[in-house]
Structure formats: C-alpha cells, structure tokens
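Novice: Output the structure for:
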Amino acid sequence: MSVAISALVFTAAQWLKPPPSIIDPIPEFAFVKKTSLSGIDGPAGVSRETIAVCLRRFMEHRGISITADADGDYRRVYSQFTIWLAEVLSQKAGLNTSQFAFYTGLTGTPESDFKNVNDKLYVVKAIKIAEKNEESEVAKKTPVVSVTFNIGKLKEDMVFIQGGCFDMGDRYGDGFDDEKLVHKVCVNDFFIGKYEVTQGQWREVMGGNPSGFQMGDEYPVEEVSWNDVQEFIKRLNEKTGMNYRLPTEAEWEYAARAGSTTRYPCGDDEKCLDSIAWYSANSGNTTHPVGKKLPNAWGLYDMIGNVWEWVEDDWHDSYAGAPTNGIAWIDKERGSDRVFRGGSWDDYARYCRSSYRYNNDPSIDVNLLGFRLVLPQVISPAQPKAEAERSPGA
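Specialist: Numbering: from 1, shown residues only. You can find the predicted model right below:
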C-alpha cells in the first residue's frame, strides 16, 4: 500500500506572487479571512460590497464567453481558467467555490489598458467578507487533505473529513416528512472518497462491469445493488488489507453539506447546481465522468447528482430515535430497505437537496445508483513534511 498526502498551506508572500502563465498560474490574491466570497449570485441579503472584484484580460481565441450582469457595471467571466481557479482557491484557502465569481471591470478600467497582460488575473479590491454569510466554524477550519491508496493498478483518492457536529435534516420545512425532524448529530473524523467509485475501480476488484452506461473507466459505476456493493467492499478489503465501508447516512450528509446550512451545498438557489452537479437540467440523460464539475467546499466531487449513492443505514421514515453520534442506524433484523442519497443525472433539483433521502430494497440495481467509499481515520492528516506531497492540483 502506498500513501501520499497533499496538504495545502500557503503564506501571504506566496499568494502575492503574480501568475506566471495560463499554463501554470498561481493566482495573485490576498484574502482578509478564510471564509466564503459571495458574489453577484450569492444568497439573498448578501450585498455587492462583499465581492472581490477581479480584472481579467479576455482572449477570445481561447473561447472565453462574457455575460453582463444586471446593473452593467461588471461582466462575469466564464472560462476553463476561471473554473480551474475557483477549484484551486477552494482547495488552497478553504473557500466554497459556488459562492464566488470572477469579474472584469467595465467602468474606469478599459479593456485596452490591459492588452499586454495576456492571461494574468489581477485583483483590484479585496473587501472584508460580510459576517452574516460565513461558513460554519467546522468548514473554516477543515483543510482539504487528500490521501491516495492503491486499488490494484488503480488509485482511490480519499479526503480527510474533520469530525464535528451539525444539524441533520430539512431546516427549511419544505422537504418531505422523513427529512423534517432536524436533529444535531456529531460525527468522528473519517476519510471519504473524493469521487464516486468508478467503473474502472469496480472492474479491477470484481472482474466485470455491470453499468448501464459503459462509456469509460472514469464514469461512475451504476446498476449495483446495496448487496453488490457489500461484496465489492469485502473483496476490496481482502485485496488491500484496509477497512473500507459505505458512509453512514449522517457521515454522508455531513460531508455533502461541507459546512453549509443551505438547501444545496452551493446555496439556496437551485441554479447553483449547474456548477457542481449533473442532474436532469444539464445531464443529457446520461452519467458523466467523475470530477468534471466543481467540488464542494471540502474538495468532494459529485456528492450531488451523477448517480445516487448508497449508504450503510437501514431505512426509517422518520428521524425520531435516530443515533446522534453519526453511526449507521441499523435494525436488529435487517429486513428493511436501505438508504441512498444525493440525487442523480435523472433527478430534478428538489431531489438534489442536501437533506433529501430515499430508499429501496438492497437487491435493487438501476442505472441511477452508485456509491463512494469511507475509511475510518487510518492516518493522521498532520504528517511530517518529509512524508507530505504538495500539489496545487490535489
């Protein structure tokens, strides 16, 4: 077994370096504090003054598209570069990628003034973030720490999740009855898969591929029942000597929320789902390779959408009597349905909320259903530097 940790810690001096090029940019950025940057599309009540205004030289031959926002003072920049930058800023600074955007000024800073800066990104203003829209304390202190394990010839990337307490369930009152009993749950530290288990990983362990959408090894495995997944995990643990398992329902929601308290991990407006999830509005009625949308604030991809994810728990149609310590809620006689979470490529936004839960027989397998893995804490994220591997793409 080989283990590599990527822990990203940057000094102020490193942040102030200019980006050398579009190929390997280090964004020129200074943050007032480690919290969310809320932009034009931020939650209701967040003022425009909470954004960090950026200047970016457009290179039309790079296929960058520009859209004017409502008041015409700024234009939002959409490009491969800014999508990449949002992800990197999230990982380096612990930010929620869905809550900030990049803009070019139209007033007082004509584009022609920047014709020689090529693909560099410049920050002209960094304003203290509004207190009312901060992430939770756990979200702010949780670094993105990735650990990579071997699965035969393939890899399994896991993200360390620092334990903590959160309110589980639908706090808005517009969900279904089975999610409405909001209750405080405290979970221990754990590692969770950075991505959904792929068809390539399944084939490496099981020798075949049951998926309905067989379009490549990087697509999520689906058409796997809860029982099938248990057999996969059994063989995987025998193969690796590890102790993989499914997440508990509480662990899953804690990781999916990533410190957020909104309907979706990215905010309350369902429009934000487009940046983080493959669901009915953008999937084209199919699954997609894992990791192609932006991750949540804790560096996890596709927690919402692409495929539903089995969890360990038996189904209960109410949270009354649910454990408060994050363990799986398992009946003495395991005759009930099992739980799955997160929504899929085929689901409307309402079914992609962080608190939404559904159930089915553990023997059912459909092309909407997959899973991701969890490990109890097997390695400290605070490894000596000699054992750590730093990478801006981790």
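Novice: Quick one: low-confidence residue ranges for the protein.
Specialist: For the chain, applying pLDDT under 70 flags the ranges 1-147, 377-394.
Novice: now the helices for it?
Specialist: Per DSSP state H, the chain carries helices over the ranges 12-15, 80-93, 137-141, 199-206, 226-240, 249-257, 273-276.
Novice: Could you pull out the buried residues of the fifth one?
Specialist: By neighbour count with 16 or more other CB atoms under 10 Å, helix 226-240 contains the buried residues 226, 228-230, 232-233, 236, 240. Every residue, glycine included, has its C-beta placed from N, CA and C.
Novice: CSV for those residues, including distance to residue 279?
Specialist: CSV is the format used below for these (distance: CB to CB, whole Å):
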residue, distance to residue 279
226, 22
228, 24
229, 22
230, 27
232, 25
233, 27
236, 29
240, 33
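Novice: from those, which single one is nearest residue 367?
Specialist: residue 228 (13.4 Å; CB to CB).
Novice: Run through the residues that contact the residue nearest to that closest one when sequence neighbours are not counted.
Specialist: Closest residue to residue 228 apart from its sequence neighbours, by CB to CB, 6 or more residues apart in numbering: residue 365 at 6.4 Å. Listed by CB atoms under 8 Å, 6 or more residues apart in numbering, the contact set of residue 365 reads 210, 223-225, 228.
Novice: quick one: which of those residues has the most company?
Specialist: Neighbour counts for the contacts of residue 365 (other CB atoms under 10 Å) peak at residue 224, which has 26 neighbours.
Novice: Can you verify my assumption that that residue contacts residue 208?
Specialist: No. Using CB atoms under 8 Å, residue 224 makes no contact with residue 208, being 11.0 Å away.
Novice: Between those two, which contacts overlap?
Specialist: residue 202.
Novice: Check which residues of stretch 285-302 are buried.
Specialist: For stretch 285-302, by 16+ other CB under 10 Å, it's 287-291, 293-302.
Novice: Quick check: the residue nearest to residue 228 vs residue 320, distance?
Specialist: From residue 365 over to residue 320 the distance is 30 Å, taken as CB to CB, to the nearest Å.
Novice: Same question for residue 268.
Specialist: Distance from residue 268 to residue 320, by CB to CB: 27 Å.
Novice: Of those two, which one has the most company?
Specialist: Remark: of residue 268 and residue 320, residue 268 carries more neighbours, 14 against 8, as counted by other CB under 10 Å.
Novice: Tell me the spatial nearest neighbour of that one, not counting adjacent residues.
Specialist: residue 262 (4.8 Å).
Novice: do residue 231 as well
Specialist: residue 206 (7.8 Å).
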